[in-house]
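Q: Below: sequence and its predicted model.
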Amino acid sequence: MNQAMRAMVDEKSRPELADWILGKILKSEDTDQEIQIEHRWILISAHGLRTSEGFLEGALVIATDVTEIKQAQGRIARSLGVEAEGRLAGESPTT
């Protein structure tokens, strides 16, 4: 893990995350997945780099902190829910 990734992931979660990523790569399971670690959401893109014979020769792993995006999505969802409740409460029942 580079310094930026270490800053995103707390020390106790690093080995577990590294094992998970390595497991995906070794099983040839490329992944683009959002995971939650502590109070952060991180988008992990992990892709094994293989030779033409299929041998693993490296990996490309990109981690993006998407916490602010997830929080904004939550605020929008709550806002839309409150708005829908308000519209429902304002409607008069038809008989």
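A: Received the coordinates, thanks.
Q: and stretch 22-33, how far apart are its ends?
A: Terminal residues of stretch 22-33 are spaced 14 Å apart (Cα to Cα, to the nearest Å).
Q: now stretch 57-73
A: 38 Å.
Q: List the buried residues in it.
A: Going by neighbour count (16 or more other Cβ atoms under 10 Å), the buried part of stretch 57-73 is A59, V61, A63, D65. All C-beta atoms are positioned from the backbone trio N, CA, C, and that covers glycine.
Q: if I pick the spatially most central residue of the chain, what's in contact with it?
A: When Cα atoms, centre = their mean is applied to the chain, the residue found nearest the centroid is E34 (1.4 Å). Listed by Cβ atoms under 8 Å, 6 or more residues apart in numbering, the contact set of E34 reads W41, I42, L43, I44, V66, K70.
Q: Residues contacting the strand or helix carrying the second one, please?
A: Spelled out, it's I42. Assigned by DSSP states H and E, I42 falls within strand 40-50. Contact with strand 40-50 is made by 8-9, 17, 21, 24-26, 28, 30-36, 56-67, 69-70, as judged by Cβ under 8 Å, 6+ apart.
Q: How about stretch 17-27?
A: Identification of contacts with stretch 17-27 by Cβ under 8 Å, 6+ apart yields 1, 9, 30-31, 35, 37, 44, 46-48, 56, 59, 61.
Q: possible to save those as TSV with pLDDT?
A: Converted to TSV, these look like this (pLDDT from 0 to 100):
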residue	pLDDT
M1	82
V9	88
D30	89
T31	89
I35	91
I37	88
I44	94
A46	94
H47	94
G48	93
L56	92
A59	93
V61	93
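Q: what about the helices in this structure?
A: 3-8, 14-26, 67-90 (DSSP state H).
Q: can I get the CA coordinates of stretch 46-55 in CSV?
A: Taking C-alpha atoms only, stretch 46-55 is exported to CSV below (Å, rounded to 0.1, in the frame of the first residue of the first chain):
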residue,chain,number,x,y,z
ALA,A,46,-8.4,-4.4,-8.5
HIS,A,47,-7.3,-6.1,-11.7
GLY,A,48,-4.7,-8.8,-12.2
LEU,A,49,-2.2,-8.3,-15.0
ARG,A,50,-1.6,-11.6,-16.7
THR,A,51,0.8,-12.8,-19.5
SER,A,52,-0.6,-14.2,-22.7
GLU,A,53,-0.1,-17.6,-21.2
GLY,A,54,-2.3,-16.6,-18.2
PHE,A,55,0.4,-16.2,-15.6
